[in-house]
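> sequence first, then the predicted structure:
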Amino acid sequence: MGSLCMHKALAGQGESPALMPHTLAEVFPVTPTDAAGIGFVLSRLPRTNAPILWVQDRLSRKEAGRPAVAGLPRDRPVIMVDLSRAADVLWAMEDGLRCRSLGAVIGEVWGDPPALDFTATKRLALRAEAADVSCWLIRRAASPDLSAARDRWRVASLPSAPHPHDAQAPGHPRWALDLFRSRRAKPGQWVATYDRAADRVDLAAPARDRAVEPRDGAVRERAAG
């Protein structure tokens, strides 16, 4: 869902999208219970009907709730795994990445557990790249310590875009994105808008110092999905 668009938007800063293997990326929601991280990850998943393996630890379920899988396309199966410890989440993710028939592996871990160290993230990254399966680790209430994740994002919810037909209704979802570390692209900050109808993510430079949003002539990262 929209992953090709995002890769195209970043393609000019690094490797060609067609040559980018799926790998491990981390997402740090600015507010621990903000659903923006999940929305962003779902918009980045590959266009496929292959099942998603989704693993949560106990604190993530307790504090942020379970994902509403009913909002995903009906032809996209989701395998939910509820575990207690972060170590078990990492083990389940790594084991899932041995299966090339999965479309993606998503894990949610709360805080900075000792099990989530550089070695653990390195294993996930290598497994994801070997299987060419997209792997996402959503880290709530966590510090961006040393990690082998290829892309590391901070994500926050923004007010939705204006609705084109109803001023009282919400428009497309929007997020503040901060790619603060990457081994494949130049770090940067954007405002991302997810266009549901076109199934794509549009990127624009954020407004600075209360300046107006970029006009039509401004440089804007955008590509069709």
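Yes, it's here.

> now do the strands in the chain.
Counting by DSSP state E, the segments of the chain that form strands are 24-29, 52-56, 78-82, 104-110, 134-140, 151-158, 174-182, 188-195, 200-204.

> could those be laid out in CSV, adding mean pLDDT, mean neighbour count and distance to residue 166?
All C-beta atoms are positioned from the backbone trio N, CA, C, and that covers glycine. What follows is the strands of the chain, written out as CSV (pLDDT from 0 to 100; neighbours: other CB atoms under 10 Å; distance: least, CB to CB, whole Å):
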stretch, mean pLDDT, mean neighbour count, distance to residue 166
strand 24-29, 97, 24, 29
strand 52-56, 96, 24, 32
strand 78-82, 95, 13, 31
strand 104-110, 97, 26, 33
strand 134-140, 97, 26, 32
strand 151-158, 96, 20, 19
strand 174-182, 95, 19, 17
strand 188-195, 90, 19, 17
strand 200-204, 86, 22, 20
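
> mind giving me CSV with those strands and columns for distance to residue 42?
CSV is the format used below for these (distance: least, CB to CB, whole Å):
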stretch, distance to residue 42
strand 24-29, 11
strand 52-56, 9
strand 78-82, 10
strand 104-110, 9
strand 134-140, 9
strand 151-158, 12
strand 174-182, 12
strand 188-195, 9
strand 200-204, 11
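
> wait, residue 180 touches residue 149, no?
No - under the criterion of CB atoms under 8 Å, residue 180 lies out of contact with residue 149, with a separation of 11.2 Å.

> where does pLDDT dip in this protein?
Counting by pLDDT under 70, the ranges of the chain that qualify are 1-20, 70-71, 73, 207-225.

> helices of that one, residue ranges please.
Using DSSP state H, the helices assigned to the chain run over residues 3-11, 36-44, 58-64, 86-96, 118-131.

> summarise which helices and strands the shortest one is packed against.
Looking back up the chat, that one is helix 58-64. For helix 58-64, the helices and strands in contact under the criterion 3 or more CB pairs under 8 Å, 6 or more residues apart in numbering; DSSP states H and E are strand 104-110, strand 134-140.
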